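*Asks:* with the sequence up front, the predicted model follows.
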Amino acid sequence: MRRRTRDSMRMGETDLLAVRYLLSAQRAGRAVSPKDLAAYLKISSASTTILIDRLVKSGHVQRQPHPTDRRALIIVATSETDAEVRATLGPMHKRMMGIAESLSPTDAAIVASFLERIRDAVDAVEPSAE
């Protein structure tokens with residue numbers, strides 16, 4: 001799904017992660033500063049500035065004054081970007097929900113159990129020592 005969305009929107013993985021984070025924050029009523037975005041993406045402030053510049057230039061985000069701190073800026077996704085993401089993912093999500101809803105209660109329980117066991121197996125992997 002992410003690959004198709006990236007391809008449709010002509011953006012890289014980090015760009016799409018940033019846009020998804022900004023849209024999620026906007027729906028939750030949270031303001032996102034460049035520092036917040038850098039922390040979320042685990043990238044440097046210099047990389048964040050380059051990322052934001054690129055997304056502003058492509059029309060996906062805007063820099064706006066912070067609502068309570070006149071010295072600060074926040075980063076917001078444009079309404080066009082929100083509509084573009086919804087147009088790209090909406091039909092796909094609808095088809096996926098249709099498949100999930102078509103499962104019998106027994107089949108749904110089997111799938112849920114399988115996914116939980118897979119999650120547990122992945123969670124049990126020790127991070128490599130770096």
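*Replies:* Arrived safely, thanks for sending. Numbers count the residues shown, from 1 in each chain.

*Asks:* the residue located most distally from the centre of the chain: what secondary structure?
*Replies:* Farthest-out residue of the chain from its mean C-alpha position, per CA atoms, centre = their mean: Thr106, at 32.1 Å. Here Thr106 is helix, with the state taken from DSSP: H, G, I helix; E, B strand; the rest coil.

*Asks:* separation between it and Ala112?
*Replies:* 11 Å (CB to CB, to the nearest Å). The way it works is simple: take the backbone N, C-alpha and C, and place the C-beta from them, glycine included.

*Asks:* buried ones in stretch 63-80, by neighbour count?
*Replies:* 73-78 (16 or more other CB atoms under 10 Å).

*Asks:* next, give me the two most distant ones among these.
*Replies:* For the buried residues of stretch 63-80, the farthest-apart pair by CB to CB is Leu73 and Thr78; their separation is 15.3 Å.

*Asks:* list the buried ones in the helix ranked longest in the chain?
*Replies:* In the chain, taking DSSP state H as the definition, the longest helix is helix 79-101. Going by neighbour count (16+ other CB under 10 Å), the buried part of helix 79-101 is 81-82, 84-85, 88-89.
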